[in-house]
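Undergrad: following is a predicted model, sequence given first.
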2 protein chains.
Amino acid sequence: MFELYQLEQLLAVSECGTLSQAAEQLHLSQSALSRSMQRLEAELQVTLFTRQKNRIELNECGRMAVEHARRIVEQARDMAFRVQAFDRSQRTILVGSCAPAPLWEIPPLLSGLYPDRIISSELREPEALLSGLREGVYQLAVLPFAVEEAGLACTLYKEEHLFFSLPPAHPLSGRKGLYLNDLNGETMLLLNRLGIWETIVHQRMPDTRFLVQEDFAFETLVRSSALPSFTSDMGLKYREGPRNRINIPVLDPEANITYYCVYRSEAHKELSSLFQALC
Amino acid sequence: MFELYQLEQLLAVSECGTLSQAAEQLHLSQSALSRSMQRLEAELQVTLFTRQKNRIELNECGRMAVEHARRIVEQARDMAFRVQAFDRSQRTILVGSCAPAPLWEIPPLLSGLYPDRIISSELREPEALLSGLREGVYQLAVLPFAVEEAGLACTLYKEEHLFFSLPPAHPLSGRKGLYLNDLNGETMLLLNRLGIWETIVHQRMPDTRFLVQEDFAFETLVRSSALPSFTSDMGLKYREGPRNRINIPVLDPEANITYYCVYRSEAHKELSSLFQALC
DNA sequence: ATGCCTTACGTTATACGTAATTATT
DNA sequence: AATAATTACGTATAACGTAAGGCAT
């Protein structure tokens, strides 16, 4: 039987057009590639190339073989990818979230509930999370919308409500509630890697200069500067203690996100203790 | 990247349950197989087996890998099969027929029309011919019915009419026509490898003892014995000259077969000169 | 003259077999 | 004791690189 490496070589020859170029791409000598293709032909008992003295070209059989080879090599790569993903999924729980707040709560919970498994987490866009779920990359994804899809289960997680975090001296600090537009145009501190929140605040406050900061820098600057910033009910619960700031709810409907936990249906039993803990 | 031979080995291990048995099946030493599987695991970066000291078992990852491997190996075999079939189909014309008569006429015609191609022919049941057509094994099949199927083209070829071939002394030799039932119970000479005709005569003459003969023996015995036998209009045209026999048409409707030429639609142009010659 | 493919020849890497080792039934 | 898997070690095969040769542009 021929081998996968020969099919990969065939694909390279097909792409490059000449043995020499393909050999270079494969980090192989031309002669080795030449003989490898001769062996492939011998093993298939078929000529794949029309050969002139200094020129080689795929014939019809060869083009057909290339199509098959493409599929086979692709499937082999897919096998490696899926088996590795499955192996990871057995030893680790990878949580993906569209926003940072769920990752302040869920991974620590999981660490306690599944002490023998590695908990990792990623912040990604909802579409990437969904396709990652389907491929078994994520064991759990937190999305800003409910999902109804065969093979996926979905449970309501919780809501996050956005707050402005203003210094007491700020002219609007006395309000009971504010709209995003009320502070549009001011300069604000913003935590980086906010996931879906980034889109929301940039869209609704197009004239605001955001000074985007890393975690530690953000907290330091919030404490030491008079610039307005954001927080949320989840942020107040899991991140900052009470400080010299006045937190005012944002009244826009977009400022409230409802999170859903989405996971592969077959993982329901496995994750049940998490959902109990979340209630 | 892992190689196909490792996937085949994995499948053997999965089937046999132990390395030793799989190694025997693969004509390989156990140690070689053991290391080969270790390499496969290393290349996939995944453990596929749970190992006790003298026992090896596929784990969940391993079972998953086996499923993938099965598909890949099967696809590789399919590639070899299809490419070889395609190659043959380019260099030869393989005609399949449900009955011998069309093979007396068509292959000689093809030999003249396509002198650079090898003409071969086979006698097979209609179902085998159809699936062979779909797989590209046959370039042309002669079937006893019309076929309407995407990808296949079908043209009327001709009819074959069955005759009893009786010695003049036979009591029924004066008739203008006979039914199969009229000779049911007599002993008859029968050419072997009659394809679809076999079913017909056996069904309609269940009490007849058929002395089935090879080609040459059949002709000799027809000439030298007083036993009734069959012939047909096509047989009279392509096989036997006029002899000391009286040929009487068989009147049963089943004794007339209409043949159709069936071929892959894309071969229409290629075969057009054949169809002209047949008209 | 340069680029490209093939063949010849010697070398290396890798998969293999034998045999020893350990553990289980 | 028999069966089964792994490891160690030497070997053989198969793929490789270098180099030479031929042909075409």
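TA: That came through, no problem.

Undergrad: doesn't A:Leu278 make contact with A:Leu109?
TA: Yes. Judged on CB atoms under 8 Å, A:Leu109 makes contact with A:Leu278 at a distance of 7.3 Å. All C-beta spots, glycine's among them, are computed from the backbone N, C-alpha and C.

Undergrad: can you give me the strands in the stretch 101-250 of chain A?
TA: All strands of the stretch 101-250 of chain A, identified by DSSP state E, counting those that start in this stretch, fall at A:118-123, A:140-143, A:152-166, A:187-191, A:209-213, A:229-232, A:246-249.

Undergrad: now render those as JSON lines, adding mean neighbour count and mean pLDDT.
TA: Listed next are the strands of the stretch 101-250 of chain A as JSON lines, based on neighbours: other CB atoms under 10 Å in any protein chain shown; pLDDT from 0 to 100:
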{"stretch": "strand A:118-123", "mean neighbour count": "17", "mean pLDDT": "96"}
{"stretch": "strand A:140-143", "mean neighbour count": "26", "mean pLDDT": "97"}
{"stretch": "strand A:152-166", "mean neighbour count": "18", "mean pLDDT": "96"}
{"stretch": "strand A:187-191", "mean neighbour count": "19", "mean pLDDT": "95"}
{"stretch": "strand A:209-213", "mean neighbour count": "15", "mean pLDDT": "95"}
{"stretch": "strand A:229-232", "mean neighbour count": "22", "mean pLDDT": "95"}
{"stretch": "strand A:246-249", "mean neighbour count": "19", "mean pLDDT": "96"}
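
Undergrad: between these, which one is closest to A:Gln25.
TA: Closest of the strands of the stretch 101-250 of chain A to A:Gln25 is strand A:118-123, at 33.1 Å (criterion: CB to CB).

Undergrad: what does chain A have sitting close to DNA strand C?
TA: Contact residues (CB under 7 Å from any atom of the strand) of chain A with DNA strand C: A:18-21, A:30-31, A:34-35, A:37-38, A:49, A:51, A:53-56.

Undergrad: one more pass at 10 Å, please.
TA: Contact residues, chain A versus DNA strand C (CB under 10 Å from any atom of the strand): A:3, A:5, A:13, A:16-24, A:29-38, A:41, A:47, A:49-57.

Undergrad: list the ones among those that fall in strands.
TA: In strands, defined here by DSSP state E, the members of these are A:Phe49, A:Thr50, A:Arg51, A:Gln52, A:Arg55, A:Ile56, A:Glu57.

Undergrad: hmm, which of those residues are the buried ones?
TA: Neighbour counting by 16 or more other CB atoms under 10 Å in any protein chain shown classes A:Phe49, A:Ile56 among those as buried.

Undergrad: check the ones in strands among the residues of chain A next to DNA strand C against DNA strand D, which are close?
TA: Answer for those near DNA strand D (CB under 10 Å from any atom of the strand): A:Gln52, A:Arg55.

Undergrad: out of the ones in strands among the residues of chain A next to DNA strand C, who's nearest B:Arg264?
TA: When these are compared for distance to B:Arg264 (CB to CB), A:Thr50 comes out closest, at 24.1 Å.

Undergrad: which residues does the closest one bridge with?
TA: Per DSSP bridges, the residues bridged to A:Thr50 are A:Glu57.

Undergrad: what residues sit buried inside the least confident helix or strand in chain A by mean pLDDT?
TA: The helix or strand of chain A with the poorest confidence is helix A:215-224; it has a mean of 86 (mean pLDDT, DSSP states H and E). By 16+ other CB under 10 Å, the buried positions in helix A:215-224 come out as A:Phe218, A:Glu219, A:Val222.

Undergrad: is it true that the second one touches A:Glu240?
TA: Spelled out, it's A:Glu219. Yes. Using CB under 8 Å, A:Glu219 is in contact with A:Glu240, at 7.1 Å.

Undergrad: for DNA strand C, give me its nearest residue in the stretch 151-279 of chain A.
TA: A:Glu270 (29.4 Å; CB to the nearest atom of the strand).

Undergrad: where does the residue nearest to that residue when sequence neighbours are not counted land on pLDDT?
TA: Sequence neighbours aside, A:Gln139 is the residue nearest to A:Glu270 in space, at 7.9 Å (criterion: CB to CB, 6 or more residues apart in numbering or on different chains). pLDDT for A:Gln139: 94.

Undergrad: go on, A:Ala42?
TA: Here, the pLDDT recorded for A:Ala42 equals 95.

Undergrad: same check on A:Glu67?
TA: Note on A:Glu67: pLDDT of 98.

Undergrad: by proximity to DNA strand C, which residue of the stretch 101-250 of chain A wins?
TA: For the stretch 101-250 of chain A, CB to the nearest atom of the strand, closest residue to DNA strand C: A:Asp116, 23.3 Å.

Undergrad: any idea how far A:Leu40 is from A:Asp87?
TA: To A:Asp87, A:Leu40 is 32 Å away according to CB to CB, to the nearest Å.

Undergrad: more neighbours, these two?
TA: Each of A:Leu40 and A:Asp87 has its neighbours counted (other CB atoms under 10 Å in any protein chain shown); A:Leu40 has more, 23 against 20.

Undergrad: check contacts around that one.
TA: A:Phe2, A:Gln6, A:Gln9, A:Leu10, A:Leu48 (CB atoms under 8 Å, 6 or more residues apart in numbering or on different chains).

Undergrad: A:Tyr5 now?
TA: Residues near A:Tyr5 by CB under 8 Å, 6+ apart: A:Ser36, B:Met1, B:Glu3.

Undergrad: once you drop chain neighbours, what's closest to the last one?
TA: Take B:Glu3 and drop its neighbours on the chain: the residue closest to it by CB to CB, 6+ apart is A:Glu3, 4.7 Å away.

Undergrad: quick one: contacts for A:Val268?
TA: Just so we're on the same page, residue A:268 is His rather than Val. With contact set as CB under 8 Å, 6+ apart, A:His268 has these partners: A:Ala153.

Undergrad: can I assume it sits in a helix?
TA: Yes. Per DSSP: H, G, I helix; E, B strand; the rest coil, A:His268 lies within a helix segment.

Undergrad: so what's the residue most central in space within chain A up against?
TA: Taking CA atoms, centre = their mean, the centroid of chain A lies closest to A:Arg124, which sits 4.1 Å from it. Contact analysis of A:Arg124 by CB under 8 Å, 6+ apart lists A:Gly96, A:Ser97, A:Cys98, A:Gly132, A:Gly195.

Undergrad: and for the last one, the neighbour number?
TA: Read it as A:Gly195. As a burial measure, A:Gly195 scores 22 neighbours (other CB under 10 Å).

Undergrad: how far away is the nearest residue to it once chain neighbours are set aside from A:Gln213?
TA: What sits nearest to A:Gly195 in space, not counting adjacent residues and going by CB to CB, 6+ apart, is A:Ala99, at 4.1 Å. Remark: distance between A:Ala99 and A:Gln213 (CB to CB) = 17 Å.

Undergrad: can you check A:Lys176 too?
TA: A:Lys176 sits 28 Å away from A:Gln213, going by CB to CB.

Undergrad: which residues does A:Pro171 contact?
TA: Contacts of A:Pro171 by CB under 8 Å, 6+ apart: none found.

Undergrad: how about low-confidence regions in chain A?
TA: Applying pLDDT under 70 to chain A flags residues A:241-243.
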